[in-house]
Structure formats: structure tokens, C-alpha cells
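Colleague: Need the 3D shape of this:
(one chain, ligands or ions: 1)
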Amino acid sequence: MLDRQADTVSTTATERGRLLALEAEYCSHGDTVHYTEEPKIFERCEGSFIYDDEDRAFLDLQMWYSAVNFGYANPRLNEALRRQLDRLPQVASQYLHREKIELAAEIAEGALERFGRKGRVHFNVGGAQAVEDSLKLVRNACGGKSLMFAFEGGYHGRTLGASAITSSYRYRRRYGHFGERAHFIPFPYHFRGPRGMTKEEYGHQCVQQFARLFESEYNGVWDPKTGQCEYAAFYVEPIQGTGGYVIPPANFFPELKEVLDRHGILLVVDEIQMGFYRTGKLWSIEHFGVTPDVIVFGKALTNGLNPLSGIWAREELINPKVFPAGSTHSTFNANPLGTAVALEAMRMMREEDFASSVAEKGAHFLEGLKALKEKHAIVGDVDGLGLALRIEICEPHDSFTPSKRLVDLMVDEALKGDLVHGGERFGLVLDIGGYHKNVITLAPALTISKGEIDLGLALLDQLFTRVAPGAARG
Ligand SMILES: Cc1ncc(COP(=O)(O)O)c(C=O)c1O
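Modeller: Coordinates of the predicted model:
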């Protein structure tokens, strides 16, 4: 028996070696990130777990960057895909199909209920493509103005247009400029903000700093004689995603919106990562009581099955007279497999009380993270809204100096799959974010159980001890 197991492991290792050699020779590294020396190959997935070629279970705490909010192999959503596959899996996007129409209606009626505004929905495939579409929509609505505000630490994708409004120069460095880059404004990242201020005071200060731009024509963006701003829109993530799951104080967006309204600047809310109940609400901007002009969405809309993204915009900006047929188009934009799953997902979100369950599970997870912070000096900060949670990893001597070194080590160790709990071996799938790439951004399945959250906390505890054995507090 042991011989047979050893044979299986060595056959698997040979096959893995073959695949990695092919990858090294034929796959571009440009379309991925290659964080680890030897990329991990996974074989199957279910619920909160993904399994490698030796059938080792990895608890996934990032769920494909928050694209799989409803758990791997969600039976209801997979079944919707199968049904569509048997009925109408293909149809060109110039024709109509039931699912596209019903999905647009579901999202637009939901926005009317939430924000009191009539609007329409427009589809594409990937997140960055929907961001591109929104840029066209905004430029068109603002008489061709092409300048945008966005946040330091913001991320909107890596196409040329989307990376121009994404703050990291790293994503633009090699490729030259295609359009004007955004004017980047500080986001209230309190943990690394000025000392001695409350979160609310810092939020207020960030808005005041922005408002200063409109004091006179000499501040560079505003013509008081015509009441015109040179900038068309402000692109925001209500909770920064790639920036490290940074949660602003409650006063920040209402105060910011006041400045935008006073100066005729549109508010474009990027919900690609935080939408679809990641934070306990359909749209994360709902936590802040402000009304967007445009919402951009993607990722979890189809639970990571056939890709679909899109934008909702208020009627004045998107009605067919101002934004006519063919303003944007992509062959696969409202693909019937994607719209069928998305429609089922939206119905599921209406029928099931994710608002309560996500808030409850998030509170339980955050409580456990706070206990880990008490125990490990490498944990500088923890925070969370719903099931969007952050652990900021720091050097243990001051629990503040960002430690990319330790986070990189953690990700590698977690992927070895040899953490032990209840006599079984597990791995962890983690994602890194943050301004200093030292934040573990946790986006577990919204369907995760309390037992699985406790397992995650126990595995994180072991991992922290493993990478910094002498850094337990007390
Ligand atoms: C907030 C946000 N906007 C845009 C994008 C880009 O989406 P995609 O990777 O589907 O192009 C992402 C992806 O992580 C994101 O988190």
C-alpha cells in the first residue's frame, strides 16, 4: 500500500515537472504575476477549498481575488450555467437574449431602490474593459473632457486606460502614455496617516486637502469665471482592494461628494472587487450613504464562471440619445453563459440574507484577527468590513515598519500545504496587497462556515509562528 502511494506521488511529481517545463518554455509571464519561484498547479475545487495534484486541501482566503464570492462549484450557479449550455450558449451580441435583458433590469431596478435613480446597464467581459467603457461614457457626458481624479493606492485594471487612473507608476513604466494619467488624491489610510488624529479627523483632512484645489483658479483645476472643472470625474473604490483593503471613516465619502457636487464632477464607483456582498452590501458604497453617477462591476457577478462585467449609469449619462448603439462593443460582451449565471446570482442575492450572514461571519473573523494581533508582534493592524479583511504585516521590533519580506515568506510557506490542524495537513491560499505589499487581503467565500473561519485563524496562527518564531508577544 505504502509503495503504491509513493508511486502515485512520484507519478504526480513527474507530471508536474513536465507541465512546469512546458510553462517555462511556452507561457508568457506577462499575463500573470509569478509571485513564487515554482507556480502552484491546482486540480479541483469545492466550497472554500482548492486541491492540488496530490489532493492536498488548501483553504482559500482570497477566492480568485474576490471573484468567487459564492464558493467554488456553487451548485445553484453551476446548474444555471449547465441549463444555459443546453439551451442557448451562443448568440452574437447584436441580437437579444432573455438573460441579458432580465439581468440589466434586475441591476437597474436594484439601483433605483437603493439610490432613487433611474439608470441603465451596459456589459463587457473583464473588469478593466468595463472601466474603459466607463471612461468613454464619462468623457462623452462631459463634452470630451479627458482628465480624471483618482486615489493614491487605487487600482482599476491594467489596460492602457485603466492603468492611467491606477496610482502605481509600476503598471505604466514600460509602456509610455496613451492618455493623461489621473490626478491622484490621498485616501484616508489611517494606520499610516499622521499620528494623533482620529480616523474621522484624518478623513476630514483628506477632503479638505482635495477641496483646496478649488480655492482659486491658481490651484490648477478650476475656472471660477465659468464654474468649470478641468476634470470630468473622480474614480473611487469605496474600500481600496489592491491597495490593501483600506476602509475609510464614515464621514469621508459624504464630505467628498459634497465637494464633487459643488464643482460638477461625476462620481464613478469601482465595485469590481468590493461589490456583490463582499462587504455585507450589494454595493460597498451603500455603507457611506452617497449616490454614485456610475457604478463599474465585474468579478463575482458570475462567481468566476463565464466572465462578465459592466457599468450602471444614471439615465442622463447613458440613454441611447447621448450614448448611442455601438459606443463600445466587444464580441463576447453580454455572452449568454455569463448573463445566465449572473442573473441566477442576482436572484440568489435577493433571496438569501447575505447582509446578515456576511456581517456576522465578518465580525467573528475580525475578532479572531484581533486576538492574533495581540499574540504576534508581526501583526501591525487588522481591520475588516463584512468579509473584506486585512492583516498588515510589520517588522516585529516596532509592529509598524512594513514587512514585505515576511509576507512573501508566508505566501510561500502557506502554499507548501503542510500546516497541521486536527491531525490533517492543510495549505492556505493568500493574496498580498497594500501600498507596501505587506498586507494580507482576506476575501474568503461568503459561504464560508464558522468552523472554516476558525480553521483559517488556527492556520494563520501557525504560519505567523513559523515565519517569525521569536515574535510572539508577552
Ligand atoms: C477595484 C478593481 N478594479 C478593476 C479591476 C480590474 O479587473 P480585471 O482584472 O477583471 O480586469 C480590479 C481587479 O482586481 C479591481 O480590483
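
Colleague: next one: phi and psi at the most centrally placed residue in the chain?
Modeller: With distances taken as Cα atoms, centre = their mean, residue 273 lies nearest the centre of the chain, 2.3 Å away. Main-chain torsions, residue 273, degrees, to the nearest 10: phi -100, psi -30.

Colleague: And residue 118, how far from the ligand?
Modeller: Note on residue 118: its distance to the ligand, by Cβ to the nearest ligand atom, to the nearest Å, is 25 Å. All C-beta atoms are positioned from the backbone trio N, CA, C, and that covers glycine.

Colleague: count of neighbours near that residue?
Modeller: 13 (other Cβ atoms under 10 Å).

Colleague: Spell out which residues sit in contact with it, please.
Modeller: 108, 112, 314, 315 (Cβ atoms under 8 Å, 6 or more residues apart in numbering).

Colleague: where does the residue in the stretch 351-474 of the chain that the ligand sits nearest to fall, phi/psi-wise?
Modeller: Across the stretch 351-474 of the chain, the shortest distance to the ligand (Cβ to the nearest ligand atom) belongs to residue 433, at 9.3 Å. Main-chain dihedrals, residue 433, degrees, to the nearest 10: phi -140, psi -160.

Colleague: what sits opposite it in the beta ladder?
Modeller: residue 439 (DSSP bridges).

Colleague: now the closest residue to residue 441 other than its chain neighbours: how far from residue 182?
Modeller: In this structure, residue 441 finds its nearest non-sequential neighbour in residue 433, 4.1 Å apart by Cβ to Cβ, 6 or more residues apart in numbering. Here the criterion is Cβ to Cβ, to the nearest Å. By it, residue 433 lies 19 Å from residue 182.

Colleague: In terms of packing, which of the two has more residues around it?
Modeller: A count of neighbours by other Cβ under 10 Å puts residue 433 above the other of residue 433 and residue 182, at 26 against 21.

Colleague: Next one: that one from residue 397, what distance?
Modeller: With Cβ to Cβ as the criterion, residue 433 and residue 397 are 23 Å apart.

Colleague: What of residue 304?
Modeller: 40 Å.

Colleague: What of residue 390?
Modeller: Taken as Cβ to Cβ, the span from residue 390 to residue 397 is 21 Å.

Colleague: Look at the nearest residue to residue 237 once chain neighbours are set aside and say how many residues are nearby.
Modeller: Nearest residue to residue 237, sequence neighbours excluded (Cβ to Cβ, 6+ apart): residue 270, at 5.0 Å. Neighbour count of residue 270, defined by other Cβ under 10 Å: 33.

Colleague: again, but for the one 5 residues further on
Modeller: Residues lying near residue 275 (other Cβ under 10 Å) number 25.

Colleague: swap in the one 10 residues further on?
Modeller: Residue 285: 27 surrounding residues under other Cβ under 10 Å.

Colleague: Can you pull the phi/psi pair for it?
Modeller: phi -70, psi -20.

Colleague: That one and the ligand, how far apart?
Modeller: 12 Å.

Colleague: Rounded mean pLDDT for the helix or strand containing residue 203, please.
Modeller: Per DSSP states H and E, residue 203 falls inside helix 199-211. Averaging pLDDT along helix 199-211 yields 98.

Colleague: what's that helix packed up against?
Modeller: strand 183-185, helix 252-262 (3 or more Cβ pairs under 8 Å, 6 or more residues apart in numbering; DSSP states H and E).

Colleague: Mind listing what's buried along the last one?
Modeller: Spelled out, that is helix 252-262. 252, 253, 255, 256, 257, 259, 260 (16 or more other Cβ atoms under 10 Å).

Colleague: Farthest-apart pair in those, please.
Modeller: Spatially, the most separated pair among the buried residues of helix 252-262 is 252 and 260, at 12.5 Å (Cβ to Cβ).

Colleague: returning to what we had before: which residue is the nearest non-sequential neighbour of the residue nearest to the centre of the chain?
Modeller: Nearest to residue 273 is residue 241, by Cβ to Cβ, 6+ apart, at 3.6 Å.
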